[in-house]
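S.K.: Need the 3D shape of this:
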Amino acid sequence: MLHHLLAIASGGLVGFTLGLIGGGGSILAVPLLVYVVGVHSPHVAIGTSAIAVAASAAANLASHARARTVKWGCALVFAVSGMAGAALGAQVGKMIDGGRLLALFGALMVVIGVLMLKPRHGGSDPDVRLNAETSATLLPWLIGGGLVVGALSGFFGIGGGFVIVPGLIAATAMPLINAIGSSLVSVTAFGATTAASYAWSGLVDWPLAFMFIAGGAAGGLIGTRLARHLAGHKHALTRIFSGIVIVVGVYVIARSLLG
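M.R.: Predicted coordinates:
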């Protein structure tokens, strides 16, 4: 019973963070599953968290789609090419020793925590479209970027939004709001691809995944409502959260290396 409550609470914390600051919360899913919920296998934690990442991204994607902030042509090319990278990354990740994989995950957390401290700027082309005229320029960047980011996402079982957003802006010069909406297509696809790969190998705890998702949905609603009241403090909240991510990353590295 305690195991189930911890899973729901951990999912709630991830969803709350996503709702409050709009991203980054999913990076905490694997450490929470390992060190709080008590999942013994890092590989099962990664496979299970990938399902939660995909479900959360799909829910947020629906909101952005209704708001018409998704550049579907660019988003789909980036996502489809990234799915191949995610499948390859997940396959490699499953071959890495669990302790070493956790240490690498901790290092990634530190990097993402630092990146979160940097302000994000959008591009200057709100009318960018993938069509016959722009394909020669856009396709190489979208396909190449998708493959690289997808491989990273699959290897670690993360959404990769903090890498996808600047990748889309660099490739297309689309505004930040469009990059955020479009990135959710890739986050959903990468998470689903990674989850499918781990599920095929029997490395997903399905009951745990559903409890984590349920907690995340409830936490997301609370975080989103609170975000409206704390809108003026979002940058401060992001800095605090980035500090937490860095500290947890260092903890994960230390625990992994010291056994």
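S.K.: now the most centrally placed residue in the chain, nearest residue through space, not along the chain?
M.R.: Averaging the C-alpha coordinates of the chain gives a centre point, and the residue nearest to it by Cα atoms, centre = their mean is residue 159 (2.1 Å). Excluding its sequence neighbours, the residue lying closest to residue 159 (Cβ to Cβ, 6 or more residues apart in numbering) is residue 187, at 4.0 Å. Bear in mind the C-beta positions are built from the backbone N, C-alpha and C, glycine included.
S.K.: How about residue 163?
M.R.: Spatial nearest neighbour of residue 163, chain neighbours left out: residue 149 (5.0 Å); criterion: Cβ to Cβ, 6+ apart.
S.K.: Was I right to think the residue nearest to residue 159 contacts residue 164?
M.R.: Yes: taking Cβ atoms under 8 Å as the definition, residue 187 is a contact partner of residue 164 at 6.7 Å.
S.K.: for stretch 238-248, which positions count as buried?
M.R.: For stretch 238-248, the neighbour count (16 or more other Cβ atoms under 10 Å) marks 238, 241, 242, 245, 246, 248 as buried.
S.K.: Now render the residues you listed as JSON lines, adding pLDDT and secondary structure.
M.R.: Formatted as JSON lines, the entries for the buried residues of stretch 238-248 read as follows, by pLDDT from 0 to 100; DSSP: H, G, I helix; E, B strand; the rest coil:
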{"residue": "238", "pLDDT": "74", "secondary structure": "helix"}
{"residue": "241", "pLDDT": "78", "secondary structure": "helix"}
{"residue": "242", "pLDDT": "84", "secondary structure": "helix"}
{"residue": "245", "pLDDT": "85", "secondary structure": "helix"}
{"residue": "246", "pLDDT": "90", "secondary structure": "helix"}
{"residue": "248", "pLDDT": "89", "secondary structure": "helix"}
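S.K.: Can you pick out the most distant pair from the residues you listed?
M.R.: 238 and 248 (15.5 Å; Cβ to Cβ).
S.K.: who's in contact with stretch 65-81?
M.R.: For stretch 65-81, the surrounding residues in contact (Cβ atoms under 8 Å, 6 or more residues apart in numbering) are 61, 64, 128-131, 138-139, 142-147, 149-150, 164, 167-168, 171-172, 174, 177-178, 180-186, 188-190.
S.K.: Now with 7 Å, please.
M.R.: Outside stretch 65-81, the residues within contact range by Cβ atoms under 7 Å, 6 or more residues apart in numbering are 64, 128-130, 138-139, 142-143, 145-147, 150, 168, 172, 174, 177-178, 181-182, 185-186, 189.
S.K.: pLDDT of the one helix or strand residue 162 maps to, averaged?
M.R.: According to DSSP states H and E, residue 162 maps onto helix 161-172. Helix 161-172 shows a mean pLDDT of 83 in the predicted model.
S.K.: Next secondary structure element downstream of that helix?
M.R.: Following helix 161-172 in sequence order, the next helix or strand is helix 176-200 (DSSP H and E).
S.K.: Sort out which residues of the helix or strand just after that next one are buried, please.
M.R.: With elements assigned by DSSP H and E, the helix or strand that comes after helix 176-200 is helix 206-229. By neighbour count, with 16+ other Cβ under 10 Å as the criterion, the buried positions of helix 206-229 are 208-217, 219-220, 223-224, 227.
S.K.: what's the closest of those residues to residue 1?
M.R.: Nearest member of those to residue 1, counting by Cβ to Cβ, is residue 211, at 11.6 Å.
S.K.: wait, what's in contact with that closest one?
M.R.: Taking Cβ under 7 Å, 6+ apart, one finds 4, 7, 8, 11 in contact with residue 211.
S.K.: Spell out which two among those residues are the most distant pair, please.
M.R.: When the contacts of residue 211 are compared pair by pair using Cβ to Cβ, the farthest-apart members prove to be 4 and 11, with a separation of 10.8 Å.
S.K.: ok, these two, which is more surrounded?
M.R.: residue 11 (31 against 13; other Cβ atoms under 10 Å).
S.K.: Dihedrals phi and psi, residue 127?
M.R.: When read as degrees, to the nearest 10, the backbone of residue 127 gives phi -100, psi 10.
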